[in-house]
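Engineer: give me a 3D structure for the following:
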Amino acid sequence: MRILLTNDDGIHAPGLAVLEAIARQFSDDIWICAPSEEQSGAGHSLTLNMPVRLQMHGERRFSVTGTPTDAVTLGLRKVMDARPDVILSGVNHGANLGDDITYSGTVSAAIEGALAGVRAIAFSQVYTRDWNGNEAFATAREWGAKVLGPLLDTPLPERTLVNVNFPPLSPDKVKGIRGVRQGFHDYSRGSVVQGRDPRGHTYYWFGLEPIEHTLDHGTDLEAIDDGYVSVTPLQLDLTHHTSLGEIAQRFET
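Structural biologist: Numbering: from 1, shown residues only. Model prediction:
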């Protein structure tokens, strides 16, 4: 089995090393193509206004001066000598739950894989400010293979990917794994911090304080809050089919 690894935290991120250790439990045919620098929050962006450079760091190990989408694109088209069986993205340092997936470079790398017709799975390690030391990825390391194994042969429709989050608990405290739907956040209280640089110019820094969760039953947010690994299938069809008929009727001639 041929596996392509990527992330949005950069080629040297500890979470990528954890992901590689997980992947090597299933295959030795591992390729890595990741951003050269952190690209958190890049979403599904593609670099268009400047050249993207590719650097080799060792056998089957590459970085790109661009986004996670750039990394997957170059990985598939320029780096690998054959199509991978699966693309794994992560392990992200932080949650990708609920609406956050729309911002996530980690999930977007998996989206690019799904668009290319490759099975794609994104992994993220949730953490809190009082649980973020050297063992921050211990749970992902311990539970990663337990999640990945069943997902490798689970039938998935085209243009579908899987989003996995590990709870901020020690491995022995995790209660299990749940297949759940995407939850929702309350972004109404998000902050923008204003400051002034040494030259007197105003700047703005988007706040990353905790966001209010809507813990509906059966969601990824609830699963993490209850101490479970969350596994959520995502689809790339964003059409709101319930409204489609009403919209279509408005424009019938």
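Engineer: got the contact list for the nearest residue to residue 235 once chain neighbours are set aside?
Structural biologist: Nearest residue to residue 235, sequence neighbours excluded (C-beta to C-beta, 6 or more residues apart in numbering): residue 160, at 5.3 Å. (Glycine included, C-beta is placed from N, CA and C.) Listed by C-beta atoms under 8 Å, 6 or more residues apart in numbering, the contact set of residue 160 reads 114, 233, 234, 235, 236.
Engineer: filter those residues down to the buried ones, ChimeraX style.
Structural biologist: Buried subset of the contacts of residue 160, written as a ChimeraX selection, criterion 16 or more other C-beta atoms under 10 Å:
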select :114,233,234
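Engineer: quick one, grab the pLDDT at the residue nearest to residue 235.
Structural biologist: On the pLDDT scale, residue 160 is placed at 97.
Engineer: same check on the one 4 residues further on?
Structural biologist: Predicted confidence (pLDDT) for residue 164: 98.
Engineer: same thing with residue 194?
Structural biologist: 87.
Engineer: and it, how far from residue 103?
Structural biologist: 21 Å (C-beta to C-beta, to the nearest Å).
Engineer: the more surrounded of the two?
Structural biologist: residue 103 (15 against 9; other C-beta atoms under 10 Å).
Engineer: got the contact list for that one?
Structural biologist: Applying C-beta under 8 Å, 6+ apart, the residues near residue 103 are 41, 43.
Engineer: next, it: phi, psi?
Structural biologist: phi -90, psi -20 (degrees, to the nearest 10).
Engineer: how far away is it from residue 96?
Structural biologist: 8 Å.
Engineer: same question for residue 140.
Structural biologist: Counting by C-beta to C-beta - residue 140 and residue 96 are separated by 12 Å.
Engineer: next one: residue 29
Structural biologist: Taking C-beta to C-beta, one finds residue 29 at 27 Å from residue 96.
Engineer: so what's the gap between stretch 115-124 and the chain middle?
Structural biologist: Offset of stretch 115-124 from its chain centre (C-alpha atoms, centre = their mean, to the nearest Å): 9 Å.
Engineer: quick one, which of residue 29 and residue 96 is more surrounded?
Structural biologist: Between residue 29 and residue 96, counted using other C-beta under 10 Å, residue 96 has the larger neighbour count: 29 against 15.
Engineer: ok, that one - contacts?
Structural biologist: If you count contacts by C-beta under 8 Å, 6+ apart, then residue 96 has 104, 106, 107, 122, 124, 163, 165 around it.
Engineer: at 6 Å what do you get?
Structural biologist: 104, 106, 107, 124 (C-beta atoms under 6 Å, 6 or more residues apart in numbering).
Engineer: so of the contacts of residue 160, which ones are in helices?
Structural biologist: Among these, the members found in helices (DSSP state H) are residue 114.
Engineer: can you redo the contacts of residue 160 as CSV with distance to residue 15 and pLDDT?
Structural biologist: Formatted as CSV, these follow (distance: C-beta to C-beta, whole Å; pLDDT from 0 to 100):
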residue, distance to residue 15, pLDDT
114, 21, 97
233, 22, 97
234, 20, 97
235, 25, 95
236, 24, 94
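Engineer: so which of the contacts of residue 160 comes closest to residue 149?
Structural biologist: Top of the list for closeness to residue 149, among the contacts of residue 160 and by C-beta to C-beta, is residue 233 at 16.4 Å.
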